[in-house]
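Visitor: let's see this in three dimensions:
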Amino acid sequence: MAATISSTFLSASLLLLCLLSASRKGCVAFEQPELAAETHHHTLQVSSLLPSSVCNPSKAADKKSSSLTVIHKHGPCSQLRQGSDAPTHAEVLLHDQARVNSIHSRLANTVNNVREKAATSIPAKHGSVVRSGSYIVTVGLGTPKKDLSLVFDTGSDLTWTQCQPCVRYCYQQKEPIFDPTQSKSYLNISCSSSICGSLSSATGNPPGCSSSTCVYKIGYGDKSFSIGFFGTERLTLTLTDIFDNFLFGCGENNQGLFKGAAGLLGLGRNKLSFPSQTAQKYNKVFTYCLPSSASSTGYLSFGSSGISNSVKFTPLVTLSRGPSFYGLGITGISVGGKRLSISSSVFTTAGTIIDSGTVITRLPATAYSALRTAFRQGMSKYPMGKPLSILDTCYDLSSYNSVSIPKISISFSGGVEVEIALTGILYVNSLSQVCLAFAGNNNDSNVGILGNVQQKTLQVVYDSANARVGFATGGCS
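Guide: Model (predicted):
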């Protein structure tokens, strides 16, 4: 008993000395173990992992001068919601892998002949390019303006929407299909125009020609595609942000899993992408915050206004085989406050891109193995559950009221460390199948991808003009 009292008294005395000293350096040694554990772990009620059936929209988009609201396609905030037609988590992950395979093929130059390729803010809704975790915004097209829900995608360049007449097939969408004959501002692009030839770099396919009108064709990793006329139209982002002669695809033959959304808003780096076409106004700067769950909303804004002072920037990397992608330099990963022992060459071998359309972050095989081992050690007191598709580290938490989850952070070039939100660490199918929301590539030679699950609640800033990408926590609040 005397030894215990003495030890306790000594610890208290040392802690008091630290508090009274002018410098706090060295006090870490006396940090209480339980406080250290709390610092490096998330403690949560297990019931909070279950999805809400009630929409709880964020006001963040309303606070920005030119902003669109971002919404989860299958959540309670979405007007595109189609009840039982929502994909299962297994389907989401299956199609996510198809997208990743397509990106890897595109960067390996082995993809087939049809492949994917001031301040204004638009609210972002979570939707599905390949029935995966993509996000939806609403923009206006034509004169008079017709509102259309578009998937926004940093991994694609060409903006397109379904158009009348549907000469072969159009999938089901929520709003009426756009009819260019009813717009006073629509014009076709001629086959002989130099801009028609630029479709090759934006879509991965050479343009076609029909009755002297330029024809585009674009395909995606899940076998979805769109084919139609290449034209210009008035695009309305907000009441004050209107763009005439915006180049886009007017698709008359469209198939795949876009169901509900009218088309796609391309946010890549090609000259036909939305950021490039609006560069004079926004200087190739856009920002988004993806909502924490399907029952909330985020935003997509353009221009530098409203960017948080807490944003930390890392250099933008250009991949020689995929210059339209936004490349990042990952330098390390930490789990539970401890930096993992991973050679820097593991991350530099193939590089990493950030992609709004990929759901689950893909790491080099070596890096993922280290992450998985450390996470499993931090979760060793909880029983493992069944794997879920590409997710091999899952837990059965159905018997617990509260749990403690190790924090995960990713370090980038320039000394930037980004703590991943809890919603970016776990992918929840059910309380008996709560999974680590990361996956590994087959090997270290495939490009890594920072997916949208890990981006949730972060303010992510794309600044191509200054060749940088920024991150700040708490972006949707």
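Visitor: could you use CA atoms for every contact and neighbour count after this?
Guide: OK.
Visitor: quick check, Tyr216 in contact with Phe229.
Guide: Yes - at 6.1 Å, Tyr216 counts as touching Phe229 under the criterion of Cα atoms under 8 Å.
Visitor: and for the two, which residues touch both?
Guide: Gly249 (Cα atoms under 8 Å, 6 or more residues apart in numbering).
Visitor: give me the residues contacting stretch 261-276.
Guide: Contacts for stretch 261-276 (Cα under 8 Å, 6+ apart): 80, 136, 148-162, 173-175, 177, 198-199, 201-202, 247, 277, 282-286, 323-326, 464.
Visitor: endpoints of it, how far apart?
Guide: Terminal residues of stretch 261-276 are spaced 23 Å apart (Cα to Cα, to the nearest Å).
Visitor: check the offset of that stretch from the chain's centre.
Guide: 15 Å (Cα atoms, centre = their mean, to the nearest Å).
Visitor: same question, stretch 213-224
Guide: 22 Å.
Visitor: with stretch 283-292 instead?
Guide: That offset, for stretch 283-292, works out to 10 Å (Cα atoms, centre = their mean).
Visitor: and what of stretch 344-357?
Guide: Distance, centroid of stretch 344-357 to centroid of chain: 15 Å (Cα atoms, centre = their mean).
Visitor: can you list the buried residues in it?
Guide: Within stretch 344-357, the residues scored as buried using 16 or more other Cα atoms under 10 Å are 346-348, 350-357.
Visitor: show only the entries of the residues you listed found in strands.
Guide: Judged by DSSP state E, strands contain the following of these: 352-354.
Visitor: turn the residues you listed into CSV, including pLDDT.
Guide: Formatted as CSV, these follow (pLDDT from 0 to 100):
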residue, pLDDT
Thr352, 98
Ile353, 98
Ile354, 98
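Visitor: closest to Leu49 among those residues?
Guide: Proximity to Leu49 was ranked across those by Cα to Cα; first place goes to Ile354, at 25.6 Å.
Visitor: not counting its neighbours along the chain, what's nearest that closest one?
Guide: Leu450 (4.6 Å; Cα to Cα, 6 or more residues apart in numbering).
Visitor: same thing with Gly322?
Guide: According to Cα to Cα, 6+ apart, the nearest residue to Gly322 is Leu107 (5.8 Å).
Visitor: thinking again about what came up before, let me see the contact set for the residue nearest to Ile354.
Guide: With Cα under 8 Å, 6+ apart, Leu450 has these contacts: 352-355, 358, 360-362.
Visitor: now those residues as a markdown table including distance to Pro57?
Guide: What follows is those, written out as a markdown table (distance: Cα to Cα, whole Å):
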| residue | distance to Pro57 |
| --- | --- |
| Thr352 | 32 |
| Ile353 | 29 |
| Ile354 | 25 |
| Asp355 | 24 |
| Thr358 | 23 |
| Ile360 | 24 |
| Thr361 | 26 |
| Arg362 | 29 |
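Visitor: and these, which is closest to Ser193?
Guide: Out of the contacts of Leu450, the member with the shortest distance to Ser193 (by Cα to Cα) is Asp355, at 31.3 Å.
Visitor: related to what we said a few turns ago, out of the ones in strands among the buried residues of stretch 344-357, the closest to Asp396 would be?
Guide: For these, the nearest to Asp396 is Ile354 (30.4 Å; Cα to Cα).
Visitor: the closest one contacts Ser324, correct?
Guide: No - if you go by Cα under 8 Å, Ile354 and Ser324 don't touch, sitting 11.4 Å apart.
Visitor: residue ranges of the helices in the protein, please?
Guide: 2-20, 33-39, 89-107, 194-197, 199-203, 274-277, 279-282, 344-348, 365-378, 422-425, 452-455 (DSSP state H).
Visitor: if I look at Val311, how far off is Ala367?
Guide: As judged by Cα to Cα, Val311 and Ala367 stand 26 Å apart.
Visitor: and for His72?
Guide: For His72, the distance to Ala367 - Cα to Cα - is 30 Å.
Visitor: of these two, who's got more company?
Guide: Using other Cα atoms under 10 Å as the criterion, His72 and Ala367 rank with His72 on top: 30 against 24.
Visitor: any idea what the more buried one is bridged to?
Guide: Tyr135 (DSSP bridges).
Visitor: tell me the pLDDT of it.
Guide: Note on His72: pLDDT of 83.
Visitor: now Gly415: closest residue in space, sequence neighbours ignored.
Guide: Using Cα to Cα, 6+ apart, the nearest residue to Gly415 is Thr314, at 7.8 Å.
Visitor: and for that neighbour, the neighbour number?
Guide: Neighbours around Thr314, by other Cα under 10 Å: 21.
Visitor: which residues touch it?
Guide: 328-329, 412-416, 468-470 are the contacts of Thr314 under Cα under 8 Å, 6+ apart.
Visitor: are any of those buried, and which?
Guide: Taking 16+ other Cα under 10 Å as the criterion, what is buried in the contacts of Thr314 is 328-329, 412, 416, 468-470.
Visitor: just those now: which is nearest Ser52?
Guide: The closest of the buried ones among the contacts of Thr314 to Ser52 turns out to be Gly470 (Cα to Cα; 30.1 Å).
Visitor: looking at it, the closest one is touching Val311, isn't it?
Guide: Yes - the criterion here is Cα under 8 Å, and Gly470 meets it with Val311 at 5.7 Å.
Visitor: anything in contact with each of those two?
Guide: With Cα under 8 Å, 6+ apart, Gly470 and Val311 have common neighbours Gln459.
Visitor: now the ones in strands among the buried residues of stretch 344-357 in TSV, with distance to Gln377?
Guide: Listed next are these as TSV, based on distance: Cα to Cα, whole Å:
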residue	distance to Gln377
Thr352	26
Ile353	28
Ile354	28
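Visitor: flag every buried residue along stretch 318-326.
Guide: 318-319, 322, 324-326.
Visitor: give me the subset of those residues lying in strands.
Guide: 318-319, 322, 324-326.
Visitor: thinking again about what came up before, redo the contacts of Thr314 as JSON lines? Include pLDDT and distance to His40.
Guide: What follows is these, written out as JSON lines (pLDDT from 0 to 100; distance: Cα to Cα, whole Å):
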{"residue": "Leu328", "pLDDT": "98", "distance to His40": "25"}
{"residue": "Gly329", "pLDDT": "97", "distance to His40": "24"}
{"residue": "Phe412", "pLDDT": "98", "distance to His40": "19"}
{"residue": "Ser413", "pLDDT": "98", "distance to His40": "22"}
{"residue": "Gly414", "pLDDT": "97", "distance to His40": "23"}
{"residue": "Gly415", "pLDDT": "97", "distance to His40": "20"}
{"residue": "Val416", "pLDDT": "98", "distance to His40": "18"}
{"residue": "Arg468", "pLDDT": "98", "distance to His40": "29"}
{"residue": "Val469", "pLDDT": "98", "distance to His40": "26"}
{"residue": "Gly470", "pLDDT": "98", "distance to His40": "23"}
